[in-house]
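> A predicted structure for the sequence below; I have some questions about it.
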Amino acid sequence: MASTVIKGGTVVTADLSYAADVRVEGGVITEIGQGLKGDKVLDATGCYVMPGGIDPHTHLEMPFMGTYSSDDFESGTRAALAGGTTMVVDFVLPGQGQGLMDAAQMWHNKSGRANCDYSYHMAVTWWGEKVFDGIADAMKAGMTSFKHFMAYKGALMVNDDELFASFRRIGELGGLAMVHAENGDVVAELTAKLLAEGNTGPEAHAYSRPPQVEGEATNRAIMIADMAGVPLYVVHVSCEDAHEAIRRARQQGKRVWGEPLIQHLTLDESEYFNPDWDHAARRVMSPPFRNRKHQDSLWAGLQSGSLSVVATDHCAFTTEQKRFGLGDFSKIPNGTGGLEDRMPMLWTHGVGTGRLTPNEFVAVTSTNIAKILNCYPKKGAVLVGADADLVVWDPEKEKTITAGAQQSLIDYNVFEGQKVKGLPRFTLTRGHVAIHDGEVRTQEGHGQFVAREPRPAVNRALSQWKDLTAPRPVVRSGVPATGV
Ligand SMILES: NC(=O)NCCC(=O)O
Ligand SMILES: [Zn+2]
Ligand SMILES: [Zn+2]
């Protein structure tokens, strides 16, 4: 079997940095050490050899707001690899009344073109016996994390009773509950009021989703998860109000994780005040970009460990699609891109400023989520036996981000003009060198589905504690223990 040796670099993992060569054979890492030899050599001099990034939040070819997101599994995973990301986790979205496994089959039909490995979260978009049963089927089929939308009223949103029922079921089966935390009822009221008052531009999207709607929903989801005895992952945490709820929950010993996006860390609400309608609409996403105070809170969360993962929520719409909302901001398809830019932007603004160490960078872009989603150390690790999903990271390599040079199929980039320092020299997906010193050598269909096992340890610990602290009747003398 032909071998490749990554030579002369510094291996950087979530907890260690050390000089070593890495040998790859048959798609996995077979040796780490000094002076290794192989059939092919990749020169990593001056570079860091890190686990490839894992983006746990993408929407590729997703049906949403009357259209489909424009990057599919081919272009999306090509963009991912170009930026050093070697695995994406997409969301299966069942329609109203649709079974979970039917929806999963629709996603499998699309994902065969992927250039890198991928996994799925399942969304719970309605509630009934079919979904109750479907959760067990999804778990058996390797989808062990379940997202609930607390926003998008009248479309994807589920109510508290549905949330509680679903959370209990997921907890029982060893799954992970996830939430898009915004109070959808309040957003709907604010949206109607703003439109009635003539606030129709993209800036009103931000007015309709203030930090309070996110803080309230995050607190609510945390409390419901606690009562249901299920671990909780909060996606796209954008503000201090939500971060504060997660921080407090973690301090109290609750199993809660928070995921900020690279967009919220590096772009702010001033984008919505741009006089160019297209510029502002292209940046419409939920939750919206916030101010500097909230950004500082997110960075502090990554530094202190109260926030665990940086994702993109890559959901890319063209300018033409965004224009569905001319005259009514509530019709602008929600979503922005970022798959190619997450790693370079986080390195530049995190490691390049001293806010993150290289090891912390690896933790929040790869290892933490691999552990949370129970695919570590197959993914997220530089260890013998792990998949050779690796990025050889050149901290000196620079570029200016521009839509003209990106892999994504859309016609703009929300990071347009940003200078980044720190880029992949090579990106390997299960041993295949997909990015070779700026040259794209992706193989359509190379990507494989990563089935994940339930996470028994955390869920067992939670249910053990629940049993121990469950309500029990007080036994009183002279009063019958059973009801009449
Ligand atoms: N975030 C966003 O605006 N669009 C994608 C769907 C979602 O995650 O809410
Ligand atoms: Zn969301
Ligand atoms: Zn999303």
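Structure received. Ligands and ions are numbered 1, 2, ... in the order given.

> so where's the stretch 351-484 of the chain shaky on pLDDT?
481-484 (pLDDT under 70).

> what about this structure, any weak spots by pLDDT?
In the predicted model, the chain carries pLDDT under 70 at residues 481-484.

> Disregarding residues adjacent in the polypeptide, which is nearest to A363?
Distances taken as CB to CB, 6 or more residues apart in numbering place A14 nearest to A363, at 4.1 Å, with adjacent residues excluded. (Each C-beta comes from the backbone N, C-alpha and C, glycine too.)

> And for that neighbour, the neighbour number?
Close neighbours of A14, defined as other CB atoms under 10 Å, add up to 23.

> Next, give phi and psi for it.
Backbone torsions of A14, given as degrees, to the nearest 10, read phi -70, psi -20.

> correct me, but it touches N368?
Yes - in this structure A14 lies within contact range of N368 using CB atoms under 8 Å: 7.3 Å.

> Find residues that contact each of these two.
Common neighbours of A14 and N368 (criterion: CB atoms under 8 Å, 6 or more residues apart in numbering): G380.

> ok, which residues in this protein are in contact with ligand 1?
59, 180, 236, 285-286, 313, 315, 334-335 (CB under 6 Å from any ligand atom).

> do that again at 5 Å, thanks
Within the chain, the positions lying close to ligand 1 (CB under 5 Å from any ligand atom) are 180, 285-286, 313, 315, 334-335.

> Now the single nearest residue of the stretch 301-450 of the chain relative to ligand 1. Nearest residue, chain neighbours left out?
With CB to the nearest ligand atom as the measure, N334 is the residue of the stretch 301-450 of the chain nearest to ligand 1, at 3.2 Å. The shortest distance from N334 to any non-neighbouring residue, by CB to CB, 6+ apart, is to S286 (4.8 Å).

> Identify the residues contacting I246.
Under the criterion of CB under 8 Å, 6+ apart, the neighbours of I246 are 218, 222, 234, 237, 256-258, 301, 306-307.

> Of these, which pair is most distant in space?
Spanning the widest gap among the contacts of I246 are I222 and G301, at 15.0 Å by CB to CB.

> hmm, back to that, can you add neighbour count and secondary structure and give the residues of the chain next to ligand 1 back as JSON lines?
What follows is the residues of the chain next to ligand 1, written out as JSON lines (neighbours: other CB atoms under 10 Å; DSSP: H, G, I helix; E, B strand; the rest coil):
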{"residue": "H180", "neighbour count": "25", "secondary structure": "strand"}
{"residue": "M285", "neighbour count": "27", "secondary structure": "coil"}
{"residue": "S286", "neighbour count": "22", "secondary structure": "coil"}
{"residue": "D313", "neighbour count": "27", "secondary structure": "coil"}
{"residue": "C315", "neighbour count": "24", "secondary structure": "coil"}
{"residue": "N334", "neighbour count": "22", "secondary structure": "coil"}
{"residue": "G335", "neighbour count": "22", "secondary structure": "coil"}
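
> Now do the strands in the stretch 1-150 of the chain.
Chain-ordered strands for the stretch 1-150 of the chain, with DSSP state E, counting those that start in this stretch as the definition, fall at 3-7, 10-12, 17-19, 21-25, 28-33, 40-43, 48-51, 53-58, 63-64, 67-68, 85-92, 117-123, 145-149.
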